[in-house]
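Novice: Have a look; sequence and predicted model below, questions after that.
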Amino acid sequence: MSAASPINQIAERVERLLVRHEEVQRTNALLQEQVDALTRERDALKSRLGAARTRLDALLDRLPPEPPPAEDSHAA
């Protein structure tokens, strides 16, 4: 029976490791889904930022040029 006991202990450890491995795989899949969702969100935000910059540049182009600064007659 002494030979079966170490084998049983090894078998139990292997079973626990398999369960743990499955848990880690599920956790990894969930984390990968989160990374994918955040990547899509980041890409959408970058796209919106680019569009906003384009609109802002167009608005700035429509502004009249700044007049040169007036000279102050009171300056010494």
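Specialist: Received, thanks. Residues are numbered from 1 along each chain as shown.
Novice: Please make it C-alpha for all contacts and neighbour counts, starting now.
Specialist: Fine.
Novice: In the protein, what residue spans correspond to helices?
Specialist: Applying DSSP state H to the chain gives helices spanning 4-62.
Novice: Report the separation between the most centrally placed residue in it and Leu31.
Specialist: Closest to where the C-alpha atoms of the chain average out (Cα atoms, centre = their mean) is Leu38, at 4.6 Å. Leu38 sits 10 Å away from Leu31, going by Cα to Cα, to the nearest Å.
Novice: Arg55 too?
Specialist: For Arg55, the distance to Leu31 equals 36 Å [Cα to Cα].
Novice: what residues are up against Arg40?
Specialist: Listed by Cα atoms under 8 Å, 6 or more residues apart in numbering, Arg40 has no contact partners.
Novice: if you set the cut-off to 10 Å instead, what comes out?
Specialist: Neighbour list for Arg40: 34, 46 [criterion: Cα atoms under 10 Å, 6 or more residues apart in numbering].
Novice: can you check Lys46 too?
Specialist: Per Cα under 10 Å, 6+ apart, neighbours of Lys46: 40, 52.
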